[in-house]
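Undergrad: I'll drop the sequence and a predicted model, then ask my questions.
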Amino acid sequence: HCKSVSEPPLYKDFFEYAQQELSSRIVILGNTDAVFDGTLGLIQRDLSPGLALVLPVQTDKGRYRSIFGRDCVVPTRCSWGAYDGYGWDSGGSSWDAFIWRSPLPQAVNLTALSFPMNANQANQAAGAVLHDGGVKLVNPCKFVNAFHWHCSPKMHAPIDSLHNLKLVGVQPCWQNCTGLLSERGLIPVTDMCADGHRVPVSAELSRLFKHRAVDWEGVRDMCCPQNEKCNGQWQQSMFQAWQRSPTSLRLCSLRTDVNCLLMEGKGIVGRWVPSRLWESDLPQRSSRSHLTTQANLTQQSPTRASQRKTNLTQQDPTQASQTKANTQDTGEHPSPASMLRATYLTSILFRVVESPNRSAHGEEMLAALSANSHNLHIEEVHVLMEGGSCDLLKAEMSANVGGEGALGKLHCKSVSE
């Protein structure tokens, strides 16, 4: 459904729309430039009421390049800390999507969500409101992907709109991810280190899994080889090796693994406010320039535009193999009736995507919207539009990004209805 709005929608508008129009459905509320893949199928189709999943974004794994002819490499926000955040030590404090079964509990104060969705730190502030209303927040980004198709200039609302609001961070879960299918190929951390012995990690290694403004546990122990002590000097060498090469510091994954870290990843939710933030003094990894490059999009030739349409209408490889993946995860062959079916809720500022003056980010948003419309786990797409109309949006999608096959998922609703 496309609903026209006269002003930029607030978080309150999205959640109220879901309460009124999408009751009993699984709702994915996401920024328009967030793209999902077949890993949505790892989410339980009978998601419990009062539970909300949050998904931080990460760099796309190839589809963006197939459409635009270049990579869009963005800093990952799916991280535990500096360990896997490429020096960014605020893992779990940024996400671009909420997933929940509507409606939210009555205790959630929707009026407190009166701020724009694209303001800096708006997602953490919205998470705090949901958390205060009794909603359990879970961050399964290590299993369910959200890719960021945004390599054009940022469009955040003024930061003053969130002055002094409480925020939450949600640590990525690992061993126990509520809301996901139960079997994901993980060996319980209690069953690991069969060929070694457990040793507490040093403060230096532990800090790699810390949030700079929220106190939560990351890694407490490592699995030390049987005949070693893994003392301070040993662990200092591990830390220095990590600084030189990120892949050298491993998480244990097999029962027999040694010289690795034992990750629990309990998915802790932490409270913090902006005034508690400070510049990190964590030692950094060696520079990896390809992770900080953000090239602006250029005008595409007609040939490239045609190729975009072809690539967008091709099935996501992760969806094509989802039956096999789900068989590995659940031990059963999923039928269409057992697959997650969700409703995607987002917004678009129409003048950004309208031709002939479409912005670079407008190109990205149209492509992302079309990609999500083709996702097998998304059965409907609801758009709150600022300006324009649903018919005009459909025309832009059809003419420019190959949205023809997915336009049936878009339905219009007049603002007066």
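TA: All right, it came through fine.

Undergrad: surely residue 242 meets residue 248?
TA: Yes - shown here, residue 242 and residue 248 form a contact pair, counting by C-beta atoms under 8 Å, at 5.8 Å. In this view, the C-beta of every residue, glycine as well, is placed from N, C-alpha and C.

Undergrad: Neighbour count for these two, which is higher?
TA: Set residue 242 next to residue 248 and count neighbours by other C-beta atoms under 10 Å: residue 242 wins out with 21 against 12.

Undergrad: out of everything not next to it in sequence, what's closest to that one?
TA: residue 249 (4.0 Å; C-beta to C-beta, 6 or more residues apart in numbering).

Undergrad: which residue ranges form the strands in the stretch 251-400 of the chain?
TA: With DSSP state E, counting those that start in this stretch, the ranges of strands along the stretch 251-400 of the chain come out as 260-263, 269-272, 342-349, 378-386.

Undergrad: how about the ones you listed, which one is nearest residue 32?
TA: Minimum separation from residue 32 across the strands of the stretch 251-400 of the chain (C-beta to C-beta) falls at strand 342-349, 4.8 Å.

Undergrad: Can I get that closest one in CSV? Just the C-alpha atoms.
TA: Written as CSV, here are the backbone C-alpha positions of strand 342-349 (Å, rounded to 0.1, in the frame of the first residue of the first chain):
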residue,chain,number,x,y,z
ALA,A,342,6.4,-10.5,6.0
THR,A,343,5.1,-7.1,5.1
TYR,A,344,7.7,-4.5,4.3
LEU,A,345,7.0,-1.0,5.6
THR,A,346,9.1,2.0,4.5
SER,A,347,8.9,5.6,3.2
ILE,A,348,10.0,7.6,0.1
LEU,A,349,10.4,11.3,-0.5
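
Undergrad: what helix or strand does residue 15 sit in?
TA: When secondary structure is defined by DSSP states H and E, residue 15 falls within helix 11-21.

Undergrad: Which neighbouring elements make contact with that helix?
TA: Counting by 3 or more C-beta pairs under 8 Å, 6 or more residues apart in numbering; DSSP states H and E, the packing neighbours recorded for helix 11-21 are strand 26-30, strand 342-349, strand 378-386.

Undergrad: still on that earlier bit, I'd like the strands of the stretch 251-400 of the chain as TSV, with mean pLDDT appended.
TA: Formatted as TSV, the strands of the stretch 251-400 of the chain follow (pLDDT from 0 to 100):
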stretch	mean pLDDT
strand 260-263	91
strand 269-272	72
strand 342-349	90
strand 378-386	89
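
Undergrad: which stretch among the ones you listed comes nearest residue 186?
TA: Go through these one by one with C-beta to C-beta and the one that ends up closest to residue 186 is strand 260-263, at 9.8 Å.
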